[in-house]
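Got a predicted structure here, sequence first:
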Amino acid sequence: MSLTDGGAEPEVTVRDERTQEFVAEWRNASYNCYSSGHKFCREVCPVMQVTRNESWTPTAFHANVVAMERGELDVADIAADYVNCTQCGACELRCPNTLFTGDFYRFRTRTVDVVKAVRALAVEKDIHQPKWQSWNERTDERTHEPVLGDIDISQERVRDWAADLNIPIGGESILFVDCEAAYYRTSVPRAVAQILQAAGYEFGLMAEQWCCGGPAAEMGYVDQARRFAEHNLADWRSVGAKRVLVLDPHDYISFTEDYPKYFGADFDIEVVLVVELIADLIRDGVLTPTVPIERTITYHDPCRLNKRKGIWKEPREILRAIPGLTFRDVDRVTQWSYCSGGGGGLPIEKPELTAAISAGRIAKAADLAVDTLVSACPWSERPLSEAGAAQNIDVIDIHELLAESLGITVGGSRS
Amino acid sequence: MTLTAERVDTVVHALRRVLRDDQILTSKTDRYNRARVPAPFPVHRWAERLPDLAVLPESTEDVAAVVRIANELLVPVVPRDGGTGLTDGAVPLRGGIVVDVKRMNAIHEIDPVNRTCTVGTGISMLKLNEQLAKHGLIYPDDPASYPCSLVGGRIGTSGWSLIGARYGHTRDLVLSFDHVLPTGEVMHVGDGVGQKITKSSSGYQLKHLFMGHQGTLGIATRATLKLFPKPEAELSPFWAFDNYDDAYACVGDLARAGVATFAGAVLFDEHKVAYLRRDDEAYIPQPSDVRALVCAVMYGYEDEVRPAGKRLLRIAQSHGARYLGDEISEGDWAARHDRYATPLHGRTGNGQVVPMSWHCEDAAINYTHLPAVTREWHDIVAGLRRQSDVFDDWGMFAYTSSDNGTDWLTEIDVGIWEQQLDDRAWALWVQAKRDLAAVSLKYHGSISACHGSCREGEVDLVPDELGRGFQVMLDLKRALDPRNIMNPGKYHLDRAYS
Amino acid sequence: MSYRYDEQHTPPEPTRVTDVAITTFEDLYEVDPRLMQEWVTQQEFPNWDSLRIMNSRHDHLEWMHEHFAHKVIHGSELLPADPDPNPSGEVSL
Ligand SMILES: Cc1cc2nc3c(=O)[nH]c(=O)nc-3n(C[C@H](O)[C@H](O)[C@H](O)COP(=O)(O)OP(=O)(O)OC[C@H]3O[C@@H](n4cnc5c(N)ncnc54)[C@H](O)[C@@H]3O)c2cc1C
């Protein structure tokens, strides 16, 4: 007997239609992990490294979906476990099903998507994580994430960081500034804007920038995420934008992965990562850092650049162009297991895990006897700075560092 | 799940006296995700394998306290580490408490002068070696699960290492360890006094007894390991052959050559080559007359490896081998530490891609019997495939176990399409496992060289393999675990109590 | 390298290598898509992702070599004298 000719599918006992739809969509992706069960992802997972709890591993996140397909678990049983993921992408890259054969089959491990989908299903079924729920409600009210806690975030203030920089509204190239950088670590967008100005690169700001919607999508609030995306795309179009310049790796993911999913081929905006643009400008001799910076540094590969996009060369090129630095580099593959813990909504629901992950990352920097950890991701810089303070390690953004070496007085706040 | 809710409460209550709340896990997902190891696992019977709860101890004392409670309350205990074992050792058969030791992953000591380190058994070899590299040292236990199996599981299975021909296998590399007996007493076991001793003749040789027992004799918590200088140089030539016989002759000569830096050799048969051609960029473009492959691996100082390599390359030449080039040789070897079977290599009879789980049947076979075992094993799997698309033959390997070519880890990789697995297909599989094991015994081999042999099917032949030794196993089990709480149901050890 | 939707969703013309495999980008092999129509269908795969995976694989393998030994000796340097070198880069013994 051959099961492919005429054999019946095993009986599926899933309870409701929506769950059935969900498992139908994710069954092969989940089964592809379940059926290997190798767990090569385990030691690169940042949450696993600090909790060593197998219930919160990429393997478990897929296995649960298989159990749902069999009617043995329900989204209510599993939702809370899915908080424990920073969506750093280490597991899905390290998985042999991606690393060795993902490109061959055009079918790879998608833990991040599975985690997002389970979170979305939970929200749809009214199962909320309390802090995420409130975070997204407040984001919805303010059109920006409440990064400063309960105060001081509003549409009117989204361009405050640029008050004295004479940046026009609109134009072909628009600089998009994520919520954390726009309100909290304002030194980052200030550095970026002034570097681009120094290079003579023309750009403007949005008429009315909203949060990119990525965090809502990450936490499962998909309708809200989509609404925000629609607003931003409309705004870009209304100001004549052809190109969006992105300084935050999280936004880069939203614009190159979420937005294309929402808008398909209609998404005609070019997305440019500022780190790559600046590396080009240095390579072409448009920018030449000359002010020596006497620091001993190491570089933190932001997960969303290194693991999720394979972007690791350009930041190193920039750092190598800055005079005076002693650069103790750690290779990109070793850094697949590094993370700040700042992504995927983890710091909102489980700040203690974020802190532990950041402490681990800082400890690795401390082993290298550096005084500075350079990152390229504003969302990592807050938890890393907090952990760094305890070890006397300064956490600085690559754009801030470059601006300084270009003789720019950056201004803004780092905390 | 075997305990009533009330009993679970009693157990949890008792555990709370010795563990923090966050070390005691009782939710459904906590239990579902500690019921399985890699496939194949009869997914349609998942619910039968659930533990009642899991604990995450952080010290030997924690483990001992949990085991004492379990022994007192007569609750099964299942040790679990990486959960990568391929004989279902860490799968609970009677519910109870899974003791998940992954939190015990500290490096307690590195002693570069005496060349040892002492670690918690929840550590991974890869993570350990990242630290040891700073001292120019390596712990060379290198299974194909190198990045994911953990030291405790290596002890529990008495594992096999890819480069064991050079450095020894887990049993040679683990010098001694703290071990919690089924009664909750703590013992230090090794050669003689069992600290940093590699060879002692004092007393019984207990270390071997407490390795490879699949968690049926207790839980190792902290281990002292043997270290080597991190090798200066690696060489891993791969060769192609247009027929199995020449490849077989060649691999035998390589293994018997007695080259000191020789760390291992592998023979890939025709089915394995065909399987590699399904996806592997190295083998897809190979001409169709490539029907077998051989590789050899050497580690050591460059001035040792170069002449040794020349010798092995000469031997290969004398067998008509074709060197596959540096890129394939180096790339393929680097992928052996952590690549095994990819689910999407599963194919239906009409060639469509389906996700299959990987099952690896292994045995220890003498060189002279490799061709016969290879033939008979393929016949068994071909029989399965004829009966159902659930099964797919993914080819065979033979790897050196020793440094002189005596016995070979022989494995057949079988894909199983679990999405379509039902009781009938499962029964076919279990019978096939018995048949595979019977072939190994017929040729005077052992049912397993590396994973253990306590999975359904093969386990039925263990008493035949061990003969009078199996009775000794039962006597020891009863003596050490009088209440049968330690991983009950494995290896037919229940017979000790009937 | 900037992102443009249409560029990312237009892979190079495939070339057939065997009856079950094709190539798209240089050195990037893919399964013949006809094999993935019944039970598992292919995912949407922008070009950057295929290239990221291929490059990461090479990075990973290089990392594994360095993890196990300080240097890799190339077999080609040790080959016995070879009367008839194979022009494809592989070497006949
Ligand atoms: C891709 C892949 C490749 C593999 N290649 C190899 C290989 O080359 N060589 C090889 O030997 N194996 C190989 N295996 C099998 C597996 O990795 C080994 O059996 C390994 O030793 C299991 O370790 P673990 O930490 O995952 O243990 P687990 O699966 O958690 O446990 C294995 C057994 O040990 C017991 N146990 C766990 N912890 C302890 C402890 N602390 N004290 C006492 N007993 C304990 C368990 O109860 C169980 O019976 C491979 C597996 C995979 C998935």
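Yep, it's here. Numbering: from 1, shown residues only, chains lettered A, B, ... in the order given.

list the contacts for residue A:115?
For residue A:115, the contacting residues are A:61, A:82, A:85, A:87, A:344, by Cβ atoms under 8 Å, 6 or more residues apart in numbering or on different chains. C-beta here means a position set from N, CA and C on the backbone, and glycine is covered the same way.

mind checking how far residue A:123 is from residue A:229?
Distance, residue A:123 to residue A:229, using Cβ to Cβ, to the nearest Å: 17 Å.

any idea how far residue B:14 is from the ligand?
22 Å (Cβ to the nearest ligand atom, to the nearest Å).

okay but that residue is in contact with residue B:73, surely?
Yes: counting by Cβ atoms under 8 Å, residue B:14 touches residue B:73, with 6.6 Å between them.

quick one on the thing from earlier: filter the contacts of residue A:115 to the buried ones?
Neighbour-count burial (16 or more other Cβ atoms under 10 Å in any protein chain shown) is assigned, among these, to A:61, A:82, A:85, A:87, A:344.

From residue B:257, how far off is residue C:30?
On the measure of Cβ to Cβ, residue C:30 and residue B:257 end up 40 Å apart.

Just the pLDDT for residue 46.
Picked chain A for this. On pLDDT, residue A:46 comes in at 98.

actually it's chain C I care about, not the one you picked
97.

show me what contacts it?
Residues in contact with residue C:46 (Cβ under 8 Å, 6+ apart) are A:260, C:8, C:9.

hang on, the earlier thing: and residue C:30 and residue B:257? which has more neighbours close in?
residue C:30 (23 against 17; other Cβ atoms under 10 Å in any protein chain shown).

any idea how far the more buried one lies from residue B:210?
Distance from residue C:30 to residue B:210, by Cβ to Cβ: 49 Å.

what do you get for residue A:283?
From residue A:283 to residue B:210 the distance is 60 Å (Cβ to Cβ).

Which of these two has more residues huddled nearby?
Using other Cβ under 10 Å as the criterion, residue A:283 and residue B:210 rank with residue B:210 on top: 22 against 13.

Quick one: residues contacting the residue lying closest to the more buried one once chain neighbours are set aside.
Nearest non-adjacent residue to residue B:210, counting by Cβ to Cβ, 6 or more residues apart in numbering or on different chains: residue B:189, 5.0 Å away. Applying Cβ under 8 Å, 6+ apart, we find residue B:189 in contact with B:176, B:177, B:179, B:206, B:207, B:210.

Can you report how many residues neighbour the fourth one?
It refers to residue B:206. 15.

residues touching it, list them.
Residue B:206 neighbours (Cβ under 8 Å, 6+ apart): residue B:189.

which residues in chain C form strands?
C:15-16, C:21-23, C:29-31, C:71-72, C:91-92 (DSSP state E).

need the next SSE after the longest helix anywhere in chain B, C-terminal direction.
Secondary structure assigned by DSSP state H gives helix B:423-442 as the longest helix of chain B. Later in the chain than helix B:423-442, the nearest helix or strand by DSSP states H and E is helix B:462-466.

Show me the contact partners of the helix or strand just after that next one.
On the C-terminal side of helix B:462-466, the closest following helix or strand by DSSP H and E is helix B:468-480. Residues from elsewhere that reach helix B:468-480 (Cβ under 8 Å, 6+ apart): B:181-183, B:209, B:216-218, B:462-463, B:466, B:484, B:491, B:493, B:495-497.

neighbour-wise, which of those leads?
residue B:218 leads those on contacts (other Cβ under 10 Å) with 28 neighbours.

hang on, that one packs against residue B:180?
Yes: Residue B:218 lies in contact with residue B:180 (Cβ under 8 Å); the separation is 5.3 Å.

so what sits against both of the two?
Overlap of the contact sets of residue B:218 and residue B:180 (by Cβ under 8 Å, 6+ apart) consists of residue B:67.

Could you pull up the contacting residues of the closest residue to residue B:435 other than its chain neighbours?
Closest residue to residue B:435 apart from its sequence neighbours, by Cβ to Cβ, 6+ apart: residue B:380 at 4.9 Å. Residues near residue B:380 by Cβ under 8 Å, 6+ apart: B:432, B:435, B:436, B:439.

just curious, which of those is nearest to residue B:236?
residue B:436 (29.3 Å; Cβ to Cβ).

out of everything not next to it in sequence, what's closest to that closest one?
residue B:361 (5.0 Å).

How about residue A:380?
residue A:340 (3.5 Å).

a strand runs through residue A:175, doesn't it?
Yes: according to DSSP: H, G, I helix; E, B strand; the rest coil, residue A:175 belongs to a strand.

how close does it get to chain B?
Separation of residue A:175 from chain B (Cβ to the nearest Cβ, to the nearest Å): 39 Å.

Tell me how far that residue lies from residue A:273.
Applying Cβ to Cβ to residue A:175 and residue A:273 gives a distance of 12 Å.

How about residue B:143?
Using Cβ to Cβ, one gets 40 Å for the distance from residue B:143 to residue A:273.

likewise residue A:356?
Distance from residue A:356 to residue A:273, counting by Cβ to Cβ: 29 Å.

More neighbours: which of these two?
Using other Cβ under 10 Å as the criterion, residue A:356 and residue A:273 rank with residue A:273 on top: 25 against 19.

could you pull out the helices for the stretch 101-250 of chain B?
Secondary structure of the stretch 101-250 of chain B (DSSP state H, counting those that start in this stretch): helices at B:125-132, B:151-157, B:164-167, B:170-173, B:206-209, B:244-256.

Quick check: mean pLDDT of the third one?
So that's helix B:164-167. 98.

coming back round to it: single out the most deeply packed of the helices of the stretch 101-250 of chain B.
Most buried of the helices of the stretch 101-250 of chain B by mean neighbour count (mean count of other Cβ atoms under 10 Å in any protein chain shown) is helix B:151-157; its value is a mean of 30.

for it, packing partners?
Applying 3 or more Cβ pairs under 8 Å, 6 or more residues apart in numbering or on different chains; DSSP states H and E, one finds that helix B:151-157 makes contact with helix B:125-132, helix B:170-173, strand B:174-180, strand B:219-226.

Please see if the third one touches the ligand.
No: contact of strand B:174-180 with the ligand is not found when judged by Cβ under 6 Å from any ligand atom; the minimum separation is 7.4 Å.

Could you see whether chain B lies near the lengthiest helix in chain C?
In chain C, assigned by DSSP H, the helix with the most residues is helix C:47-68. Yes: counting by Cβ under 8 Å from any Cβ of the partner chain, chain B has neighbours in helix C:47-68: C:61, C:62, C:64, C:65, C:67, C:68.

Phi, psi for residue A:212 please.
phi -60, psi -20 (degrees, to the nearest 10).

any idea how far residue A:306 is from it?
20 Å.

Let me see the contact set for residue A:184.
Residue A:184 neighbours (Cβ under 8 Å, 6+ apart): A:147, A:148, A:378, A:382, A:413, A:415.

what helix or strand is the closest residue to chain B within the stretch 151-300 of chain A on?
Among all residues of the stretch 151-300 of chain A, residue A:298 sits closest to chain B, at 15.4 Å; criterion: Cβ to the nearest Cβ. For residue A:298, the element it lies in under DSSP H and E is strand A:296-299.

Are that strand and chain C in contact anywhere?
No: contact between strand A:296-299 and chain C is absent, the nearest approach being 16.0 Å (criterion: Cβ under 8 Å from any Cβ).

Counting by contacts, list what the next helix or strand after that strand packs against.
Where DSSP H and E defines the elements, the next helix or strand beyond strand A:296-299 is helix A:303-309. Counting contacts by 3+ Cβ pairs under 8 Å, 6+ apart, helix A:303-309 is packed against helix A:90-94, helix A:249-253.

Could you point out the helix or strand that follows the helix or strand hosting residue B:373?
For residue B:373, the host element (DSSP H and E) is helix B:370-387. Next helix or strand after helix B:370-387 toward the C-terminus (DSSP H and E): strand B:391-400.

Which element is encountered next along the chain beyond that following strand?
strand B:407-416.

The contacts of residue B:189: which two are farthest apart?
Farthest-apart pair in the contacts of residue B:189 is B:177 and B:206; separation 11.0 Å (Cβ to Cβ).
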